[in-house]
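**Student:** sequence below, structure please.
(2 chains)
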Amino acid sequence: MYSLRVKRIEILEKRRRQRILMFSLSGGLLFLFALYSIHSGVVSISTRDILEAFRAGITGKSSRLSTGHFSIIWDIRIPRVIMSIFSGAALSIGGVGMQGILRNPLVSPYTLGVSSAAAFGASLAIVIFSAAVIIPMAFLFSLLAVSFVLILANVKGLKSESLILAGIAVMYAFSSGVSLLQYLATKDQLTQIVFWLMGSLSSTTWKQVGFVSAVFVLIYPVLFRLSWHLNIMSSGTEAARSMGTHPERVMTLMIITVTLMTAVIVSFTGVIGFVGLAAPHIARLIFGSEHRVLFPSAALIGAVILLFSDTVARTLLGNTEIPIGIISSLIGVPFLISILVNKQRNRIS
Amino acid sequence: MKLGFTDIDFSYHENQVLFSVSGLIEPGCLTCVMGENGSGKSTLLKCLSGIFKPGRGDVMLGGSSLHNLGLKERARRIAYTPQYIKTDNAEVVYDFILLGRKPWFSWKEGDADKAAVFDVLEKLSISNLAFRRMGELSGGERQKVILARTFVQGTGVIILDEPTNNLDLSFQMELFHFLLRESRDNGKLIIIAVHDVNLVLRFGSYAILLKDGRVVSSGTVRETVNEESIRKTLNLRNRIVEIENIQVMVPLR
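**Tutor:** Numbering: from 1, shown residues only, chains lettered A, B, ... in the order given. Coordinates of the predicted model:
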């Protein structure tokens, strides 16, 4: 009896070690992939130059690289790569969190209207004010939208269905607002709006990288801590309450944190679709539905998807850039469909 | 700790389902709540476990009102399992049961929590299921795993809503023997909603008979559950006979 118990605890330990190994390996792959991404582009750059630029950039000392070369690496490529990693990771953990509280596989961090509200704010900035206020306007409107959804849903109690419906209502309202602005816009403004809507990392600055990574680093532990409660809530709200979990509190905290994080990212990058929906599903398929594993694995997968998409977006057509939203959706769709097919197969067997 | 409740009323919006329900349940008691579908059994159990707050009346656990306890404090004293539990087919049994320990830790499970999971698995003789996935279990195994999570919570009060639904007879017997041991030998206060009168006659120590949200009678099973009270509660003509010292209820036409 005793030795059996020891064996079972060993199985748990082994599982933990396997997970750690898996995460370190994926983290290592992500790093290599990031190096490759910095290296590729219109101007090809050697690994030595990357390291040199990194050293010079961090220490602020002069480097042997020419100013132009240094600038391509340090001011353009590196921030862009870091931005794609952090926004991919953040949108994905946001997706895990929202799917976790709303118990609905179709939910993404955008479901409560964050993205369409941000799009409206950005369009409004482009058409009426100036492109300089796109970021604050997008941010402001996405927060506005979610407060509205929270108030609307609270009137009828925080239920998954009412939240989703309220989110969709808000989404439609802002989408028609965006359409109206597009209709009123001049040709130049229209181009700007359309480009913003498809999302892009092309104008990433170090400052934005700082913001997004700080938000991610602050919010990740909050979501990770909620993973116990999300696991418990998957048994239903009444069972959750009997195990000491307050479903409404978890929902509110989750919505507020995920929305804040998503709003920051969307304001900088525009609407990058699908990664927040697809990465959680891919992670679930590979690592199972336990949220303590799901959060880190979805973060890694989302980071890889966006890094890959952005690299393709800026290298595929040589000098012209394809908006990243198009690529990430193109990559995400076949993934998601293969998961659905797999799920169907599982159900039969 | 005793669980007492006095003059509980409960309504869903306009629709009142419990009318002035009272009772006092002692530790070491296997208490059975009986009644037709819609008689208010589930609602009563939810009030007693603190999931619902009664519109009138109060539920007291060992001298303090249930609603003055924080959610976590309550979860350390009362475990409740509803009639239907959603489970995730991909979830591993061990992980599922471990969730029952959540009221006892905040960031990470400790060795004591792991041990508690393995203890309860052994107690229910389902150690072999520890690393299986929920989707691979049979109905009876799944029910045992859910029961394991309820018991791993380590509470003095355990409330189960129809735990024997859809289960074969031998499993029902096994389950009730287990509940009887836990209440009689380990002093747990167990309350279950149950339809099968014969299980109540054989294993129950205390019974609450509900009809249309009102208590028809309550007290020890010996005193309360008889032909007359069953006829009233369940709308059923019946006879109770004895076979090998076991009381059995037979429905008549």
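**Student:** contact partners for residue A:127?
**Tutor:** A:181, A:184, A:185, A:189, A:193 (C-beta atoms under 8 Å, 6 or more residues apart in numbering or on different chains). Placement of C-beta: from N, CA and C, glycine included.
**Student:** pLDDT score assigned to residue A:175?
**Tutor:** On pLDDT, residue A:175 comes in at 91.
**Student:** which SSE is the residue nearest to it when sequence neighbours are not counted in?
**Tutor:** Nearest residue to residue A:175, sequence neighbours excluded (C-beta to C-beta, 6 or more residues apart in numbering or on different chains): residue A:116, at 5.1 Å. Element membership of residue A:116 [criterion: DSSP states H and E] is helix A:114-127.
**Student:** go on, residue B:121?
**Tutor:** Using DSSP H and E, the element containing residue B:121 is helix B:111-123.
**Student:** next, see if that helix gets close to chain A.
**Tutor:** Yes: using C-beta under 8 Å from any C-beta of the partner chain, helix B:111-123 reaches chain A at B:114, B:118, B:122.
**Student:** chain A: which of those residues is nearest?
**Tutor:** Distance to chain A across the residues of helix B:111-123 next to chain A (C-beta to the nearest C-beta) is lowest for residue B:118, with 5.7 Å.
**Student:** how many other residues sit next to the closest one?
**Tutor:** The number of residues packed near residue B:118 is 19, by other C-beta atoms under 10 Å in any protein chain shown.
**Student:** over to residue A:322?
**Tutor:** Neighbours of residue A:322 under the rule other C-beta under 10 Å: 18.
**Student:** what does residue A:225 give?
**Tutor:** Per other C-beta under 10 Å, the neighbour tally for residue A:225 reads 14.
**Student:** was I right to think it contacts residue B:107?
**Tutor:** Yes: if you go by C-beta atoms under 8 Å, residue A:225 and residue B:107 touch, sitting 7.0 Å apart.
**Student:** then the helix holding residue A:116 to CSV, C-alphas only?
**Tutor:** Output of helix A:114-127 as CSV, limited to C-alpha atoms (Å, rounded to 0.1, in the frame of the first residue of the first chain):
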residue,chain,number,x,y,z
VAL,A,114,-13.1,45.8,-27.0
SER,A,115,-11.8,45.5,-30.5
SER,A,116,-14.7,47.1,-32.3
ALA,A,117,-14.8,49.9,-29.8
ALA,A,118,-11.1,50.5,-30.2
ALA,A,119,-11.7,50.5,-34.0
PHE,A,120,-14.3,53.1,-33.6
GLY,A,121,-12.0,55.3,-31.4
ALA,A,122,-9.2,54.9,-33.9
SER,A,123,-11.5,55.8,-36.8
LEU,A,124,-12.9,58.7,-35.0
ALA,A,125,-9.3,60.0,-34.4
ILE,A,126,-8.4,59.5,-38.0
VAL,A,127,-11.5,61.2,-39.5
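**Student:** what's the first helix or strand after that helix?
**Tutor:** Heading C-terminal from helix A:114-127, the first helix or strand you meet, by DSSP H and E, is helix A:134-155.
**Student:** output that next one as PDB, restricted to C-alpha atoms.
**Tutor:** This file holds the C-alpha atoms of helix A:134-155, laid out as PDB (Å, rounded to 0.1, in the frame of the first residue of the first chain):
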ATOM      1  CA  ILE A 134      -5.300  57.100 -32.400                       C
ATOM      2  CA  ILE A 135      -3.800  55.300 -29.500                       C
ATOM      3  CA  PRO A 136      -5.500  57.200 -26.600                       C
ATOM      4  CA  MET A 137      -8.800  57.300 -28.500                       C
ATOM      5  CA  ALA A 138      -8.800  53.600 -29.200                       C
ATOM      6  CA  PHE A 139      -7.900  52.800 -25.600                       C
ATOM      7  CA  LEU A 140     -10.600  55.100 -24.200                       C
ATOM      8  CA  PHE A 141     -13.300  53.700 -26.300                       C
ATOM      9  CA  SER A 142     -12.500  50.100 -25.600                       C
ATOM     10  CA  LEU A 143     -12.700  50.800 -21.800                       C
ATOM     11  CA  LEU A 144     -15.900  52.600 -22.400                       C
ATOM     12  CA  ALA A 145     -17.400  49.600 -24.200                       C
ATOM     13  CA  VAL A 146     -16.500  47.100 -21.600                       C
ATOM     14  CA  SER A 147     -17.800  49.200 -18.700                       C
ATOM     15  CA  PHE A 148     -21.000  49.500 -20.700                       C
ATOM     16  CA  VAL A 149     -21.100  45.700 -21.100                       C
ATOM     17  CA  LEU A 150     -20.400  45.100 -17.400                       C
ATOM     18  CA  ILE A 151     -23.200  47.500 -16.400                       C
ATOM     19  CA  LEU A 152     -25.600  46.100 -18.900                       C
ATOM     20  CA  ALA A 153     -24.900  42.500 -17.800                       C
ATOM     21  CA  ASN A 154     -25.000  43.400 -14.100                       C
ATOM     22  CA  VAL A 155     -28.600  44.500 -14.400                       C
END
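**Student:** how about the helix or strand just after that helix: buried residues?
**Tutor:** Downstream of helix A:134-155, the first helix or strand assigned by DSSP H and E is helix A:160-184. By 16 or more other C-beta atoms under 10 Å in any protein chain shown, the buried positions in helix A:160-184 come out as A:160, A:162-164, A:166-167, A:170-171, A:174-175, A:177-178, A:181-182.
**Student:** returning to what we had before: so for the helix holding residue B:121, what's the average pLDDT?
**Tutor:** Mean per-residue pLDDT for helix B:111-123: 92.
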